[in-house]
Every structure is written in structure tokens, then in C-alpha cells.
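**Student:** Got a predicted structure plus its sequence, pasted below:
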Amino acid sequence: MKIQAVNIYFQKNLAQKQISFGDADEWGGDKSFDPWVYEIDEARRQWSQEYNKLREEFNKGLISWSRYQIKEKKLNEWLEREKEAIMAKYREMSINHLFEKKVEELPVKKSFWKRLFKLK
């Protein structure tokens, strides 16, 4: 019974992480235009591989449940830090790009800038 409960816990946790970071639309963009989505997906893949290794260790009895929870927490924290670092990098690049170029030089329709800055 305990093993079944643990497996349900694993499935729910893994499904939540995949939903949380797997969809480009959730971040308000299309993967073909947003390079940061690929980096977040890569971080999620690394997390998933490590999570599966951790789960395997627990299932084989190599680590205790409490040790598993500690490692899982550290792994989840790593994913959050990685995601934030990626987003911060692209936010900074985006801001720097706006300051380096004039609005008219950016490859965006003028209607976008009019709506953004409420110009006429």
C-alpha cells in the first residue's frame, strides 16, 4: 500500500512539473519566435532526467523516503532558479535591445508601438 501511495505521489509531481514548464503558450509566445522557451525546455528535460534517476534510486531502496524528499526539494529549487535565470537574461537582452535601437528601426509593426505608447 505504501509503494502504491508513493508511486501516485511521483506521478502527480512529475505531471505538475511538465505542465508547469512545458507549454510555450503559457509564457505568452510561440516557440518559433522565443528562443528562451527552448532553454527552459532544456532545463526541464535535465530536471526530468534527474528526477527519474532519483525516483529509480528510491524504488530500488537505495535511499530513504526522507532523503528522497530532501533531494527532490533541492532539484525543484534548482529548476526554479534555472528558469528565473533564463527569464532574467532574456528580459535584460530585450531591454538593452530597446535602448540600443530607435523604435522605428525595430522589426515590429508601427501599430504595435502606437498601441504600446498610445501614439497617434
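**Tutor:** That came through fine.

**Student:** CA atoms for contacts and neighbours, from now on please.
**Tutor:** Fine.

**Student:** which residues does Ala66 contact?
**Tutor:** Wrong residue type there; residue 66 is Ser, not Ala. For Ser66, no contacting residues are found, by Cα atoms under 8 Å, 6 or more residues apart in numbering.

**Student:** Check it and give its pLDDT.
**Tutor:** With respect to pLDDT, Ser66 scores 93.

**Student:** Which positions in the helix or strand containing it come out as buried?
**Tutor:** Taking DSSP states H and E as the criterion, Ser66 maps to helix 65-100. By neighbour count on 16 or more other Cα atoms under 10 Å, the buried set for helix 65-100 is 68, 72, 75, 79, 82-83, 86-87.

**Student:** Which members of those residues define the maximum pairwise distance?
**Tutor:** Using Cα to Cα, the buried residues of helix 65-100 span at most 28.6 Å, a distance reached by Tyr68 and Met87.

**Student:** returning to what we had before: would you list the buried residues of helix 65-100 in CSV and tack on distance to Lys60?
**Tutor:** What follows is the buried residues of helix 65-100, written out as CSV (distance: Cα to Cα, whole Å):
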residue, distance to Lys60
Tyr68, 12
Glu72, 16
Leu75, 19
Leu79, 25
Glu82, 29
Lys83, 30
Ile86, 34
Met87, 37
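
**Student:** so which of those residues comes closest to Ile40?
**Tutor:** Looking across the buried residues of helix 65-100 and measuring by Cα to Cα, the closest to Ile40 is Lys83, at 6.0 Å.

**Student:** Leaving out chain neighbours, which residue sits closest to the closest one?
**Tutor:** Taking Cα to Cα, 6 or more residues apart in numbering, and ignoring the residues beside it in sequence, Lys83 has Ile40 as its nearest neighbour in space, at 6.0 Å.
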